[in-house]
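K.L.:
just coords:
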């Protein structure tokens, strides 16, 4: 909510300073493109980390907070070590996704001491595909704006 309010204040100030609506729209779209590209880079980084992680058997142990985090995450026991999942735990389908009695395959990132469970892998892959699609769409929109801008 604060972000939207701040954006409205900035737009009003730009209009008062004499910037035209076309420049403001171009700036907002440029900001969206930048955020989309940064999100895509994050997912590509996650894919690289995922590629270099090792596949291991693990058992879900608990849901809790790490020391510095504000959100809860799932913890898994892999090779005698309890490691947290890279992403926060799912709240809506918690009982269905996290079964303490079931042994599952996870990807262990030993360097960062995180686990990628099936939900995290699907999130990374879906996010990377959707992010790439959004980059193409926003990039095409920016090219069209440049082509028609006098």
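P.N.:
Sure thing, it's come through. Everything numeric here is computed off the predicted structure, so don't read it as measured data.
K.L.:
What pairs with the lengthiest strand in the chain, parallel or antiparallel?
P.N.:
Longest strand in the chain, counting residues (DSSP state E): strand 54-65. Here strand 54-65 is paired, per DSSP bridges, with strand 72-78 (antiparallel), strand 103-109 (antiparallel).
K.L.:
Just the mean pLDDT for that strand, thanks.
P.N.:
Mean pLDDT, computed over strand 54-65, is 90.
K.L.:
how about it: buried residues?
P.N.:
If you call a residue buried by 16 or more other CB atoms under 10 Å, then strand 54-65 has these buried ones: 56, 58, 60, 63. Glycine gets a C-beta too; all of them are placed from N, C-alpha and C.
K.L.:
Show residues contacting stretch 17-33.
P.N.:
7, 11, 14-15, 135, 138-139, 141-142, 145, 149 (CB atoms under 8 Å, 6 or more residues apart in numbering).
K.L.:
one more time with 7 Å, if that's ok
P.N.:
Contacts with stretch 17-33, where a contact means CB atoms under 7 Å, 6 or more residues apart in numbering, come from 11, 14, 138-139, 141-142, 145.
K.L.:
which of those residues lies closest to residue 68?
P.N.:
Checking the contacts of stretch 17-33 against residue 68 by CB to CB gives residue 138 as the nearest, at 33.1 Å.
K.L.:
How many neighbouring residues does residue 3 have?
P.N.:
Counted with other CB atoms under 10 Å, residues neighbouring residue 3 total 7.
K.L.:
Out of the strands paired with strand 54-65, flag the one nearest residue 95.
P.N.:
With CB to CB, the closest approach to residue 95 among the strands paired with strand 54-65 belongs to strand 72-78: 12.2 Å.
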